[in-house]
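S.K.: Here is the input, now give the coordinates:
(chains A and B)
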Amino acid sequence: MISKRIVLHFPHRLVDEPIVYKLVKDYDLKFNILKAYVTPQEEGLMVLELTGEDRNFNQGITYLESCGVRIQPLSQDVIRNEVKCTDCGVCVPICPTGALAVDHITRKVHFYDNKCIACELCVKICPTRAMEVHF
Amino acid sequence: MKTIKEINEKIKQGKAVVVTAEEIIDLVDKKGLKKAAQEVDVVTTGTFGPMCSSGAYFNIGHAKPRIKLGGGTCKLNDVPAYCGFAAVDIYLGATAIPDDDPRNKVFPGEFKYGGAHVIQELAEGKDMRLEATAYGTDCYPRKKLETLINLKDLNEAVLYNIRNCYQNYNVAVNLSDKIIYTYMGELKPKLGNANYCSAGQLSPLLKDPYYKTIGIGTKIFLGGGIGYVAWQGTQHNPSVKRKDNGIPQAPAGTLAVIGDLKQMKPAWLLGTSMLGYGATLVVGIGVPIPILNEEIVKYTAAKDEEIYAQVVDYSQAYPQMIAGSLGEVNYAQLKSGKIRVQDKEVPTGNLSSYSKAHEIAEELKSWIKKGDFVLTEAVAPLPGAESGYTFKSLKERPISI
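M.R.: Just a heads-up that it's a prediction; the model follows:
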């Protein structure tokens, strides 16, 4: 089994296509939509948690790429600017998934990007604006 | 018993024993007060949090022909500075924002750039846009000035913060059923989170609760450089209730601090934005405490478990000036990540970076150990717990003609 959080960029021409439906029907993949929107330029963006058998997962990804969907791991899109972060920890109780947590020994704030669901709640409440989203 | 003079002699010889306000806790636990007071010469403290009553004054030098900004207007990167002084002296406050900032019109406002960011960028050595207008006089004929300025070219650039380094602070919660945006951060409804703002056992005034060594003239670490305590800070309130260990249970003493901005470091003076609230400056301060006797070492050894703060509702009680606390918690509980308020488990967040406070205490320790930083005697004490000095609220009176 594989389970990954990925960001899909749909070009304009694919916005009307039922692509995610095919991931379920043809490749038996489970998905959880964490975020989805269509930009003013009509490019679609979707953040998915995708889960399935290794073989199905890889074939599903190949299918998406063959349609022209650009795929990136979510961890490349939500990043922490390490220079700006002061490790204060005001983001910690705001993060709904525990992706931001204080190390009780060093008192530094860790960002576990594998737990991040790209809700972006931390972005504007960070006093130094150290959390950056690059979709 | 030691004197500051004797400690300074040891510092100059590179023989002073210096520990941080964290290290002294274990040391006193292991060796006892008497031995610790004999062995240790200086305890270093640190804090790194948002401090809104901060700012800097500048003398920009005279232009040719001359211009008198006093009575006119002046902006640095669009952020208005106060110029009600002589010709080319200005003061920039940390929370000032450009006239065209949307503020809270689209709520919550982002406050991306303000005086605090200008101070940080000046310290980074960046060129800044200065735009000024004046009414013109016979001796200062010019009415307009637009130029780039740089910190290194200014005659004086002095950080002068009128209230920093609060001795303890509230723990902020929200009892209402909607989200609120405060200077204590975003507070989720129905006790969704509890935000605090102190370095606890590392915080300067919590380690010298009766201001026995910290006073006017005390030399300190300020913004990565050298600074001094100039006065008690505004809202200095030494008469609040204290625990048996002398530590105030609520916001109490404050410091006004001053230092040459040109020798400070931007890493310790950060422009920050509080969503829905405004711009503010995060200031790094470290104060050395000379261990003159057993009493002082006892104060410096206070630990998080022994330092208490009040939980205050920022949806009603704080904005409406209704006195009262929802309870008391200590910094060890706050640092554990959750506290109990009204029988609910509430996750905590700190606005003040403990790990950076630790770095400051270590940095100051290394300066003193190397003999680069000697201690000063205070030239006058801060108003103390028995002084009767208090923090009053405003009594509004109608203006009648």
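S.K.: if I look at residue A:22, how far off is chain B?
M.R.: As judged by C-beta to the nearest C-beta, to the nearest Å, residue A:22 and chain B stand 39 Å apart. C-betas here are computed from N, CA, C, even on glycine.
S.K.: Am I right that that residue falls within a helix?
M.R.: Yes. With DSSP: H, G, I helix; E, B strand; the rest coil as the criterion, residue A:22 is located in a helix.
S.K.: That one contacts residue A:63, correct?
M.R.: Yes. Proximity of residue A:22 to residue A:63 meets the contact threshold set by C-beta atoms under 8 Å, at 6.8 Å.
S.K.: and residue B:228, what are its bridge partners?
M.R.: Counting by DSSP bridges, residue B:228 is bridged to residue B:219, residue B:258.
S.K.: three-state assignment of residue B:399?
M.R.: Per three-state DSSP, residue B:399 ends up coil.
S.K.: distance of it from chain A?
M.R.: Counting by C-beta to the nearest C-beta, the gap from residue B:399 to chain A is 38 Å.
S.K.: For stretch A:75-92, list every residue counted as buried.
M.R.: Going by neighbour count (16 or more other C-beta atoms under 10 Å in any protein chain shown), the buried part of stretch A:75-92 is A:75, A:77, A:78, A:80, A:85, A:86, A:87, A:88, A:89, A:90, A:91, A:92.
S.K.: Now do the end-to-end distance for that stretch.
M.R.: Terminal residues of stretch A:75-92 are spaced 18 Å apart (C-alpha to C-alpha, to the nearest Å).
S.K.: can you tell me how far the residue in the stretch 101-250 of chain B that chain A sits nearest to sits from residue B:317?
M.R.: At 3.6 Å from chain A, residue B:193 is the closest residue in the stretch 101-250 of chain B, using C-beta to the nearest C-beta. For residue B:193, the distance to residue B:317 (C-beta to C-beta, to the nearest Å) stands at 17 Å.
S.K.: Name the residue in these two with the higher neighbour count.
M.R.: Of the pair residue B:193 and residue B:317, residue B:193 is the one with more neighbours under other C-beta atoms under 10 Å in any protein chain shown, namely 22 against 17.
S.K.: Return the residues in contact with that one.
M.R.: Residues counted as contacts of residue B:193 (C-beta atoms under 8 Å, 6 or more residues apart in numbering or on different chains) are A:93, A:94, B:173, B:186, B:187, B:346, B:347, B:348, B:349.
S.K.: In TSV: these, plus distance to residue B:15.
M.R.: Below are the contacts of residue B:193 laid out as TSV (distance: C-beta to C-beta, whole Å):
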residue	distance to residue B:15
A:93	46
A:94	48
B:173	48
B:186	49
B:187	49
B:346	48
B:347	46
B:348	41
B:349	42
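S.K.: who wins for most neighbours among those residues?
M.R.: Ranking these using other C-beta under 10 Å puts residue B:173 first, with 30 neighbours.
S.K.: For that residue, which non-adjacent residue is closest in space?
M.R.: Take residue B:173 and drop its neighbours on the chain: the residue closest to it by C-beta to C-beta, 6 or more residues apart in numbering or on different chains is residue B:194, 4.9 Å away.
S.K.: pretty sure the one you found is touching residue B:170, no?
M.R.: No. Applying C-beta under 8 Å as the test, residue B:194 and residue B:170 come out as separate, 10.0 Å apart.
S.K.: what is in contact with these two at once?
M.R.: residue B:311.
S.K.: So for the two, which sits in the more crowded spot?
M.R.: Using other C-beta under 10 Å, the more surrounded residue of residue B:194 and residue B:170 is residue B:194, with 28 against 23.
S.K.: give the contact list for that one.
M.R.: Contacts for residue B:194 were tallied using C-beta under 8 Å, 6+ apart; they are A:93, B:171, B:172, B:173, B:311, B:334, B:339, B:341, B:346, B:347, B:348, B:349.
S.K.: which ones are touching the residue lying closest to residue B:215 once chain neighbours are set aside?
M.R.: Distances taken as C-beta to C-beta, 6+ apart place residue B:378 nearest to residue B:215, at 2.7 Å, with adjacent residues excluded. Shown in contact with residue B:378 (C-beta under 8 Å, 6+ apart): B:213, B:214, B:215, B:216, B:217, B:218, B:229.
S.K.: What's the ChimeraX line that selects buried ones from those?
M.R.: Only the buried entries of the contacts of residue B:378 go into this ChimeraX selection, using 16+ other C-beta under 10 Å:
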select /B:213,214,215,216,218,229
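S.K.: follow-up on the earlier one: redo the buried residues of stretch A:75-92 as JSON lines? Include distance to chain B.
M.R.: As requested, the buried residues of stretch A:75-92 are exported to JSON lines (distance: C-beta to the nearest C-beta, whole Å):
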{"residue": "A:75", "distance to chain B": "23"}
{"residue": "A:77", "distance to chain B": "21"}
{"residue": "A:78", "distance to chain B": "18"}
{"residue": "A:80", "distance to chain B": "14"}
{"residue": "A:85", "distance to chain B": "9"}
{"residue": "A:86", "distance to chain B": "4"}
{"residue": "A:87", "distance to chain B": "5"}
{"residue": "A:88", "distance to chain B": "4"}
{"residue": "A:89", "distance to chain B": "4"}
{"residue": "A:90", "distance to chain B": "5"}
{"residue": "A:91", "distance to chain B": "7"}
{"residue": "A:92", "distance to chain B": "5"}
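S.K.: Surely residue A:86 and residue B:282 touch.
M.R.: Yes. Using C-beta under 8 Å, residue A:86 is in contact with residue B:282, at 6.7 Å.
S.K.: what do these two both touch?
M.R.: Here residue A:86 and residue B:282 share the contacting residues A:127, A:128, B:48, B:270, scored by C-beta under 8 Å, 6+ apart.
S.K.: Would you mind listing what in the stretch 301-401 of chain B touches chain A?
M.R.: Selection of the stretch 301-401 of chain B residues close to chain A by C-beta under 8 Å from any C-beta of the partner chain yields B:335-337, B:347-356, B:358.
S.K.: on that earlier part again, a markdown table for the contacts of residue B:194, including pLDDT and distance to residue B:104?
M.R.: As requested, those are arranged in a markdown table below (pLDDT from 0 to 100; distance: C-beta to C-beta, whole Å):
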| residue | pLDDT | distance to residue B:104 |
| --- | --- | --- |
| A:93 | 98 | 23 |
| B:171 | 98 | 25 |
| B:172 | 98 | 19 |
| B:173 | 98 | 22 |
| B:311 | 98 | 26 |
| B:334 | 98 | 29 |
| B:339 | 98 | 29 |
| B:341 | 98 | 28 |
| B:346 | 98 | 26 |
| B:347 | 98 | 26 |
| B:348 | 98 | 26 |
| B:349 | 98 | 22 |
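S.K.: Out of those residues, which sit inside strands?
M.R.: Secondary structure defined by DSSP state E assigns B:171, B:172, B:173, B:311, B:339, B:341, B:346, B:347, B:348, B:349 of these to strands.
S.K.: With only the CA atoms kept, save stretch B:156-170 in CSV.
M.R.: Taking C-alpha atoms only, stretch B:156-170 is exported to CSV below (Å, rounded to 0.1, in the frame of the first residue of the first chain):
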residue,chain,number,x,y,z
GLU,B,156,22.4,59.2,15.0
ALA,B,157,20.2,56.1,14.8
VAL,B,158,19.2,55.1,18.3
LEU,B,159,16.8,52.4,19.3
TYR,B,160,14.7,53.8,22.2
ASN,B,161,12.0,51.5,23.4
ILE,B,162,9.7,53.0,26.0
ARG,B,163,8.3,49.7,27.2
ASN,B,164,10.0,46.4,26.8
CYS,B,165,10.8,43.3,28.8
TYR,B,166,7.5,42.8,30.7
GLN,B,167,7.9,41.1,34.0
ASN,B,168,5.4,38.3,33.4
TYR,B,169,2.3,38.5,31.2
ASN,B,170,-1.2,37.3,30.8
